[in-house]
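Participant: Would you be able to build a 3D model of this:
(2 chains, ligands or ions: 1)
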Amino acid sequence: MSHLTKTNEAFWWSLFSAGGVMAALFLPVMIFVTGFVLPFMMGEDVESQQDRMVSLVTFWPVRLALFGIIFLSSFHCAHRIRHVLMDFGLRWAGVALMICCYGAAAGGAVAAGLILVRL
Amino acid sequence: MPEPTITLDVFRYRPDEDERSTFQSYDVPYHEHWVILDALNWIKDHVDGTLSYRWSCRMGVCGSCGMMINGDPKLTCAAFLKDYFPATIRIEPLANFPVERDLVIVMDDFMSKLTSVKPWMIRDDTSPMEEELLQSPSQLAAYKQFSMCINCLLCYAACPELDSDPDFLGPAAIALAHRYNLDSRDQGTAERQDILGAEEGVWGCAFIGECTEVCPKNVDPAGAIQQAKVAVTKDWYKRMLLPWGKR
Ligand code: FES
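Facilitator: Below you'll find the model as predicted:
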């Protein structure tokens, strides 16, 4: 081999694969539970549904779990998009592409974190 | 009744005569039990002795007869005419490689990639061994599948990543490096890690999986690369979190 390029891809890939587990396993379960099961169990009253959902989400372990799921899923998505764009010929964009993709994921995760903390 | 024939459209390139590659059509006798390699041998013996291609064992062992058959990488000694008859078969050299002549590809780049990952047993102590290195059946099972590779290069011809980045180490070389890393008798993982962990190493793969699809020996190079990614990632975290520790 003529040359080797050192990389920290292992770090991004570990977020990507952890996020893959989140996105494939936990995200659908979470959507199903919070979007269907709980609302159906809570009855008709929309306002009390809202209150109970907020009290559930403000429970710290739930906050943390939600943040973990959103944070890792976002990085999973960003990494995949980055690699698809590289395959479409944007390999030359290197670090700029990383900043765009992972920056968007980090922005999304920070926004989700702020919303979760302020609830 | 006339003997049935099948047409082969064969890629030709003779660097001493041709400026550009062309296709040449040959009508070959059709036999149900013939493989494409038999048809090529018939052409070479009866029609055109200048046709160049590699082959040796004729039984899927040596890995030298890989070509693109109608655009798919295949061992020509394992691809039967009957699976294509009566349509014309297009035969080209393996994709993602420079062509030496006709159906013969230049393998130099692959050979240097392969040797760069040191696909052989590395031991800390190089003095002659006093006793055998024993291995349990489960230790053997850990790497056996990846040791079945015959270097036929079908996986290189199928890999879309290699098409976009020719520096990528590629499926077979990574699978073989991983095979030795998994071998309980080997102590060379650290020596292979820099190259496996480079951008041109495992990170050149986006897990498209074409290599595993085309592998005639069920090696599952894509699986090997995924396992190697996990190993390289663990190593990276170890280096970052315990920089003073031994790898
Ligand atoms: S001739 Fe040996 S594998 Fe086909």
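Participant: use CA for all of it now, contacts and neighbours both
Facilitator: Fine.
Participant: Can you show me the CA trace of the least confident helix or strand in chain B by mean pLDDT as CSV?
Facilitator: Least confident helix or strand, chain B: helix B:160-164 with a mean of 89, by mean pLDDT, DSSP states H and E. Output of helix B:160-164 as CSV, limited to C-alpha atoms (Å, rounded to 0.1, in the frame of the first residue of the first chain):
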residue,chain,number,x,y,z
PRO,B,160,-18.8,-0.5,-5.4
GLU,B,161,-16.5,1.2,-2.9
LEU,B,162,-13.4,0.1,-4.8
ASP,B,163,-14.9,1.6,-7.9
SER,B,164,-15.1,5.0,-6.2
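Participant: OK, contacts around residue B:155?
Facilitator: By C-alpha atoms under 8 Å, 6 or more residues apart in numbering or on different chains, residue B:155 lies in contact with B:73, B:171-172, B:210-212, B:214-215.
Participant: one more time with 7 Å, if that's ok
Facilitator: Counting by C-alpha atoms under 7 Å, 6 or more residues apart in numbering or on different chains, residue B:155 touches B:171-172, B:211, B:214-215.
Participant: Quick check: residue B:12 touching residue B:19?
Facilitator: No - the pair residue B:12 / residue B:19 is not scored as a contact, 11.0 Å apart, by C-alpha atoms under 7 Å.
Participant: Tell me which of those two has more neighbours.
Facilitator: Remark: of residue B:12 and residue B:19, residue B:12 carries more neighbours, 23 against 9, as counted by other C-alpha atoms under 10 Å in any protein chain shown.
Participant: Could you check how far the more buried one is from residue A:17?
Facilitator: Distance of residue B:12 to residue A:17, given as C-alpha to C-alpha, to the nearest Å: 45 Å.
Participant: Then residue A:6?
Facilitator: Distance, residue A:6 to residue A:17, by C-alpha to C-alpha: 20 Å.
Participant: Who has more neighbours out of those two?
Facilitator: residue A:17 (17 against 13).
Participant: can you pull out the helices in the chain?
Facilitator: No chain in the question, so chain A it is. A:9-21, A:27-32, A:38-41, A:46-57, A:60-85, A:94-118 (DSSP state H).
Participant: hmm, I had chain B in mind actually
Facilitator: So, for chain B - with DSSP H - the helices run B:36-46, B:108-116, B:137-144, B:154-158, B:160-164, B:171-182, B:189-196, B:210-214, B:221-241.
Participant: quick one: which of these is nearest residue B:102?
Facilitator: helix B:36-46 (11.9 Å; C-alpha to C-alpha).
Participant: and that closest one, what other elements does it pack with?
Facilitator: Packed against helix B:36-46, as judged by 3 or more C-alpha pairs under 7 Å, 6 or more residues apart in numbering or on different chains; DSSP states H and E, are no other helices or strands.
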